[in-house]
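Trainee: Give me a model of this one.
(one chain, ligands or ions: 1)
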Amino acid sequence: MVRETSLTPSDLIWPLFIIDGSNERSAIKTLPGVERLSVDLAVAAAKDAAALGIPALALFPNTQDERRNETASEAYNPDNLMCRALAAIKAAVPGIGLIADVALDEYSSDGQDGLVREGEVLNDETVAVMVKSALVQARAGADIIAPSDMMDGRVGAIRTALDENGFEHVQIMSYAAKYASVFYGPFRDAVGSGARLKGDKKTYQMDPANTDEALREVALDIEEGADSVIIKPGLPYLDVIGAVRNNFNIPIFAYQVSGEYAMIEFAARAGAFDRTNAMMESLACFKRAGASGILTYFAPEAARLLGR
Ligand code: PBG
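Mentor: Below is the predicted model:
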C-alpha cells in the first residue's frame, strides 16, 4: 500500500548475443546461464520475450573472427550479423522494440570501441564509421540506435545522418555516462573482444570517481539529440542515476552489466544467498534510484516471475 516504486516486465530490456549459423547456441563461461544465439534462435527468444511483456531487446553481435579487421568495416556491412538479426526479428516479431548497439569493438580486430592509430583511439574517424554502422542498422529495422562507445559528438552525427536518410522516427538511446569499469569482463568474452583488448578504455570511458562529469556528458548527449540515456554499470552507480534524475527530465536506463550479473550468479551458486531474491532486489533498487528501465540479463526470468 505504501510502496513508492514498482517493477514490471515493461521495465526490462533483454540484451542478446548473436552468433552466426543456424540452431546454434554457445555458453559463456563467465556468464553462467546466458547463451549466444544464432539468428533463428534469437527470433524464438524474441517471441518468448514479447509474450512475457518485455518491450525491447538490445542486440550485440559476436562477429566472426575472419570478418574483423583494423578498420571495423564489418560494422557497416548491410549483411552483417547485427543487421541479419534485426531484419529477422523485425519480420517475425514486429511488436518488440529493437535496440542496436553501435560501437566498433564488436567488429574490430583490437577490441577497442574506436579505430586505433599508433596506440591511440581516434575520436572523429571513429564517429564517421559509427554513422555508417547506424545507417545500415536503421535500414535493417532497428527502432533505437544505442551508441555505447563514448566518443565525443557521435549522438549529433548519428542524429543528423538518420534524419537525412529518412529515419527521423528512429530513436537514439545514448550510453551517456559509461564508466571505465572492470564489470564489463564477461561481456567482452561474450562478444569476443576481451582477449584482443590491449590496455584499457580510459581515454574515452569515464573515471569511476566522477559524478559532475556524468552530468556534463548527459547534458551534451541531450543537446545533440538523445531521446534517452543509459548509465552504466548499474548497482555501483545508483547515485549517478539519482543525480541524473534530479537534474534532467529524460528517460534514464540503467545497465545491470555482465559482471554484476556474474557476481549474483556465482555468489548464489556458492550458497551465499538466494538467487531469485538477489535478482529481484537488485532490479527493484534501480527503480528506486530513478531508472525508467533496466537492461538486464535476468530480463526473461524476472518478467516471468512478475507476470504480465
Ligand atoms: C562495448 C560495450 C561494452 C558493454 C556494452 N557495450 C563493454 C565495454 O565497453 O568494454 C558492456 C555490457 C556488459 O558488461 O554487460 N561497446
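Trainee: What is the burial count for Lys132?
Mentor: Number of residues near Lys132 (other Cβ atoms under 10 Å) recorded here: 17. In this view, the C-beta of every residue, glycine as well, is placed from N, C-alpha and C.
Trainee: Name the helix or strand for it, please.
Mentor: Taking DSSP states H and E as the criterion, Lys132 maps to helix 123-140.
Trainee: now for that helix, which elements pack on it?
Mentor: If contacts are counted by 3 or more Cβ pairs under 8 Å, 6 or more residues apart in numbering; DSSP states H and E, helix 123-140 sits against helix 81-92, strand 97-102, strand 115-117, strand 144-147, helix 154-164.
Trainee: and of these, who's closest to the ligand?
Mentor: Proximity to the ligand (Cβ to the nearest ligand atom) singles out strand 97-102 among these, at 5.8 Å.
Trainee: Who does the closest one pair with, and is each partner parallel or antiparallel?
Mentor: According to DSSP bridges, strand 97-102 forms sheet pairs with strand 56-61 (parallel), strand 144-147 (parallel).
Trainee: Make CSV from these and add mean pLDDT and distance to Arg3 to it.
Mentor: Formatted as CSV, the strands paired with strand 97-102 follow (pLDDT from 0 to 100; distance: least, Cβ to Cβ, whole Å):
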stretch, mean pLDDT, distance to Arg3
strand 56-61, 98, 25
strand 144-147, 98, 30
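Trainee: distance of Arg67 from Ile144?
Mentor: Going from Arg67 to Ile144 by Cβ to Cβ, to the nearest Å gives 24 Å.
Trainee: who has more neighbours, the two?
Mentor: More neighbours surround Ile144 than the other of Arg67 and Ile144, with 19 against 16 (other Cβ under 10 Å).
Trainee: Next up, the contacts around that one.
Mentor: Counting by Cβ atoms under 8 Å, 6 or more residues apart in numbering, Ile144 touches Ala56, Gly97, Leu98, Ile99, Ala100, Val170, Gln171, Ile172, Met173, Asp227.
Trainee: what's the closest of those to Val131?
Mentor: Val131 lies nearest to Ile172 out of these, by Cβ to Cβ, at 11.9 Å.
Trainee: circling back to that earlier point, would the helix holding Lys132 count as contacting the ligand?
Mentor: No - using Cβ under 6 Å from any ligand atom, we find that helix 123-140 stays clear of the ligand, coming within 10.6 Å at best.
Trainee: Repeat that for stretch 165-176.
Mentor: No - using Cβ under 6 Å from any ligand atom, stretch 165-176 stays clear of the ligand, coming no nearer than 7.2 Å.
Trainee: how long is that stretch end to end?
Mentor: 24 Å (Cα to Cα, to the nearest Å).
Trainee: Enumerate the residues of this protein near the ligand.
Mentor: Asp101, Ala103, Asp105, Asp113, Ser148, Asp149, Tyr184, Phe187, Arg188, Lys201, Val257, Ser258.
Trainee: Same list, these, but as CSV with distance to Leu81, neighbour count and pLDDT please.
Mentor: Output for the residues of the chain next to the ligand, formatted as CSV (distance: Cβ to Cβ, whole Å; neighbours: other Cβ atoms under 10 Å; pLDDT from 0 to 100):
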residue, distance to Leu81, neighbour count, pLDDT
Asp101, 12, 23, 98
Ala103, 14, 27, 97
Asp105, 14, 28, 95
Asp113, 18, 27, 95
Ser148, 16, 20, 97
Asp149, 18, 24, 95
Tyr184, 20, 24, 97
Phe187, 16, 25, 95
Arg188, 17, 17, 94
Lys201, 23, 21, 95
Val257, 21, 26, 98
Ser258, 19, 24, 98
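Trainee: From these, which land in helices?
Mentor: Members of the residues of the chain next to the ligand lying in helices (criterion: DSSP state H): Phe187, Arg188, Ser258.
Trainee: Distance of the second one relative to Ala209?
Mentor: With distances defined as Cβ to Cβ, the gap from Arg188 to Ala209 amounts to 23 Å.
Trainee: Check the last one too.
Mentor: For Ser258, the distance to Ala209 (Cβ to Cβ) stands at 22 Å.
Trainee: Then the first one?
Mentor: Per Cβ to Cβ, Phe187 is found 22 Å from Ala209.
Trainee: Just give the number of residues close to Met151.
Mentor: The burial count for Met151: 23, using other Cβ under 10 Å.
Trainee: Done for today, thanks.
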